[in-house]
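**Q** Sharing a model that was predicted from the sequence below.
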Amino acid sequence: MGGKAKDFLMGNKAVIVPLLILIALPLVQIDIMAFILNLLIVSFMYVCLAQSWNILAGFCGLLSMGHCAFFGLGAYITIMVLNLHLNIVWAILAAAAANMALAYIVGAISVRVKDIFFAMVTLALAQLLYNLSMQWVEVTRGPRGLIMPQIYMMDRQTLFYIALAMTALFVFAIHVIRESRMGTMFVALRENEDLAKSLGVNVAKWKIAASVVSAVMASLVGSYYVLYIRSVQPPAVFTFNVTMKIMIVAFVGGKGTVKGPLLGAVIIILDELIRGWLGGGRYSGLPGIIYGIILALVILFLPNGLISIFRGRRKAA
Amino acid sequence: MFNLDFPSVMTILINGLCTGGVYGLFASSFTFQCGSLNITDFSFGSWLMLAMYLTFFMYTGWQTGIVPFVILLFLCYFTISFLISRFMLSKRDEFTNMIITMGISLIIQNAATLLFSSSPRSLGIIERTISIGGVQIMQTRLIMLVLSAAILIGFHAFLKRTWTGKTIRAVIQRKEMAYLIGINSDRVKNVAFAVSYVMLSASGIMLIVLFSVEPTIGGFYQMMSFLICIIGGLGNLKGAFFSGLLVGVLIAVLNMMSSQFAMVLLFLIFAIILVVRPRGLFALKSRS
């Protein structure tokens, strides 16, 4: 594993400098540092979610349109266990376990239901969880949401390092998966499922594996979300807007690539910046409009995502 | 069931059926885009929401009269969607189209928040009821059901009888072949997309009569049209209309049984139907 990490870093020397800058960043003492850290944390979360979505949709070709279900379930289970005043580790494990169960179902469904139909099933599942969290007031407190006990609070610097570590881990994990036999199987399923089947690939096994890996990753981000935001409400985690944002990050960066979602973080930073600049008050809709226009323009002119800029230059050279 | 007598159960069922008619109309329009034109349109719900808002303002403020307004709205929707299809959606793959329409959806939704504020609005029409043997039928809803059915029959006739309709069907079946015999396939596809938007705006006008509107409501209708059109079999207009009716009744029944978990049960049923019959209840024989 260590050797692989070293190879990965050596193969991508360009990563090292930004990584060091990010590690050193919280040590700088300036006024807007809190703002910058929050910005980075949010974009890290979306990068991680996009990576998780990337496994299912980008590598495996299973277009999941209910990815917020994994994320939201992770967040809800985590906060429920934390409210029992257990250790954080138990909360994270419980969330991951619940997500594995859900992912097993989703994976089993994906064997039977293909393409756009699979997208619809996941959409229905996410909507089901949204309505459940809204209506099952006895457990979830409905639209008011749940609040994390004070004792689990962390300071922003620690949270930033956790997010950074999580992102690094995810990118590395995706890289390893992509290079491994598992990743090859995933891409084989995406490219031609019937052919893969005829060559003796156990389609059901690998599809379930993909959705479980993806769901556990999303669940970890969900747990992190709880630690960071300290509360959770249904509209913040279970709505289609969350899934849409995840998909946008992956698409804008470059779907089906390891480094794509990292670039896609740009769009989240942009979104947060515009919202910070213009948001609230009279112009509450304006940031969304600008965001939408930028999104449409990026996709119109770079259909393969931002990563195609770099690819194109390399080809030309 | 639940101490309800026969007339009141029938009342609920029939009114659910009538509401389902409008669901069926917009779902048919969506299934036409998604199944026949292969454009998965994520801005569908937002355009529906916009049509609802415009009708609301026509009724409360502008006083233009219903007929000129409807004609104007149809023309606007036709032109705008034609332009969107021509300059943004044609000749791109399905994924790219999805993200572009998501961008459009974001723009419309946020523009609505900016211009109309996020508080819900409704026309607040008090519906007159017709009573037949104790069964109360809401008049407006019945008219909506008849109108939706009429529009769909009209659209069907348009596809079957008129020259444009025939070319649209030719392009849907064999795009390259239609091109070879002298049909401008791309333009026909754009026109077909625009026609589906006219149907969409018609269902928007009807929805505001029955329900309230807010900027985020588009997401709900988007979801409903997705699911209804899949249950009805992708690309099957008749199937979408009938499964719209089915969903209308289903929502009414579920609300009667447990208003708290009605939506949860609805989406559970959706998921189960999709798993058991992945191609929908009224699936077409084959789709190549």
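**A** Right, received. Where do you want to start?
**Q** hey, let's count contacts and neighbours off CA atoms from now on
**A** Will do.
**Q** wait, residue B:49 sits on residue B:213?
**A** Yes - with contact defined as Cα atoms under 8 Å, residue B:49 counts as touching residue B:213 (6.9 Å).
**Q** quick one, which of the two is more surrounded?
**A** residue B:49 (29 against 23; other Cα atoms under 10 Å in any protein chain shown).
**Q** Quick one: residues contacting the residue nearest the centre of chain A.
**A** For chain A, the residue nearest the mean C-alpha position is residue A:49 (0.2 Å; Cα atoms, centre = their mean). Residue A:49 sits next to A:71, A:217, A:218, A:221, A:246 when contact means Cα atoms under 8 Å, 6 or more residues apart in numbering or on different chains.
**Q** go with 7 Å
**A** A:218, A:221, A:246 (Cα atoms under 7 Å, 6 or more residues apart in numbering or on different chains).
**Q** Do I have it right that residue A:82 meets residue A:92?
**A** No - look at residue A:82 against residue A:92 with Cα atoms under 7 Å: they stay out of range, at 9.3 Å.
**Q** What is the helix or strand residue B:190 falls within packed up against?
**A** Applying DSSP states H and E as the criterion places residue B:190 in helix B:185-210. Counting contacts by 3 or more Cα pairs under 7 Å, 6 or more residues apart in numbering or on different chains; DSSP states H and E, helix B:185-210 is packed against helix B:6-31, helix B:44-57, helix B:66-84, helix B:163-173, helix B:175-180.
**Q** ranges for the strands of chain A?
**A** A:146-147, A:231-232 (DSSP state E).
**Q** State the mean pLDDT of the last one.
**A** Spelled out, that is strand A:231-232. The average pLDDT for strand A:231-232 rounds to 82.
**Q** Show the residue spans covered by the helices in the stretch 51-200 of chain A.
**A** A:67-82, A:88-112, A:115-135, A:137-140, A:156-179, A:181-191, A:193-198 (DSSP state H, counting those that start in this stretch).
**Q** residues from the stretch 101-250 of chain B in reach of chain A?
**A** Residues of the stretch 101-250 of chain B found near chain A (Cα under 7 Å from any Cα of the partner chain) are B:103, B:104, B:106, B:107, B:110, B:111, B:113, B:114, B:227.
**Q** Keep only those of those that are in helices.
**A** B:103, B:104, B:106, B:107, B:110, B:111, B:113, B:114, B:227 (DSSP state H).
**Q** Quick check: the first one touching residue A:290?
**A** Spelled out, that is residue B:103. No - under the criterion of Cα under 7 Å, residue B:103 makes no contact with residue A:290, lying 9.7 Å away.
**Q** any idea which helix is longest in chain A?
**A** Every helix in chain A considered (DSSP H), the longest is helix A:203-229.
**Q** now the angle between helix A:181-191 and that helix, please.
**A** 110 degrees (axes from the mean of the first three to the mean of the last three Cα atoms, to 10 degrees).
**Q** May I see the buried residues of helix A:203-229?
**A** A:203-204, A:206-228 (16 or more other Cα atoms under 10 Å in any protein chain shown).
**Q** what about residue A:20, how many residues close to it?
**A** For residue A:20, using other Cα under 10 Å, the count is 10.
**Q** ok, it to residue B:138 distance?
**A** 68 Å (Cα to Cα, to the nearest Å).
**Q** State the phi and psi torsions of the closest residue to residue A:186 other than its chain neighbours.
**A** In space, and not counting its chain neighbours, residue A:186 is closest to residue A:60: 4.6 Å by Cα to Cα, 6 or more residues apart in numbering or on different chains. Torsion angles at residue A:60 (phi, psi; degrees, to the nearest 10) stand at phi -90, psi -10.
**Q** Check residue A:87 too.
**A** phi -70, psi 150.
**Q** what's residue B:41 in contact with, if anything?
**A** B:98, B:101.
**Q** Make sure it is indeed in a strand.
**A** No - assessed with DSSP: H, G, I helix; E, B strand; the rest coil, residue B:41 is coil; it does not lie in a strand.
**Q** burial of residue A:262, as a residue count?
**A** 25.
**Q** cool, and residue B:5?
**A** 9.
**Q** do the same with residue B:146
**A** Using other Cα under 10 Å: residue B:146 sits among 15 other residues.
**Q** Not counting its neighbours along the chain, what's nearest it?
**A** residue B:21 is the one closest to residue B:146 (Cα to Cα, 6+ apart), at 8.0 Å.
**Q** near chain B, which residues of the stretch 201-317 of chain A show up?
**A** Residues of the stretch 201-317 of chain A lying near chain B (Cα under 7 Å from any Cα): A:283, A:284, A:285, A:286, A:288, A:289, A:292, A:293, A:295, A:296, A:299, A:303.
**Q** let's see 10 Å
**A** Within the stretch 201-317 of chain A, the residues that sit near chain B (Cα under 10 Å from any Cα of the partner chain) are A:239-241, A:244-245, A:247-248, A:251-252, A:282-300, A:302-305.
**Q** List the contacts of residue A:155.
**A** residue A:228 (Cα atoms under 10 Å, 6 or more residues apart in numbering or on different chains).
**Q** And residue A:197, how far from residue A:117?
**A** For residue A:197, the distance to residue A:117 - Cα to Cα - is 20 Å.
**Q** ugh, typo on my part, it should be residue B:13
**A** 29 Å.
**Q** When the two are compared, which one has more neighbours?
**A** Neighbour count, other Cα under 10 Å: between residue B:13 and residue A:117, residue A:117 has more, with 23 against 20.
**Q** so what's residue A:197 closest to, chain neighbours aside?
**A** residue A:203 (6.4 Å).
**Q** Just to check, that neighbour is in contact with residue A:182?
**A** No - Residue A:203 lies out of contact with residue A:182 (Cα atoms under 10 Å); the separation is 11.6 Å.
**Q** follow-up on the earlier one: what about the residue nearest to residue A:186, how many residues close to it?
**A** With other Cα under 10 Å as criterion, residue A:60 counts 25.
**Q** same question, residue B:121
**A** Neighbours around residue B:121, by other Cα under 10 Å: 17.
**Q** can I assume it is in contact with residue B:217?
**A** No - contact criterion Cα under 10 Å: residue B:121 and residue B:217 do not qualify, at 11.1 Å.
**Q** Quick check: the residue of the stretch 51-200 of chain A nearest chain B.
**A** Residue of the stretch 51-200 of chain A nearest chain B, by Cα to the nearest Cα: residue A:128 (5.0 Å).
**Q** ok, that residue - contacts?
**A** By Cα under 10 Å, 6+ apart, the contact set of residue A:128 is A:69, A:122, A:134, A:238, B:261, B:263-271.
**Q** Of those residues - the most surrounded one?
**A** residue A:69 (32 neighbours).
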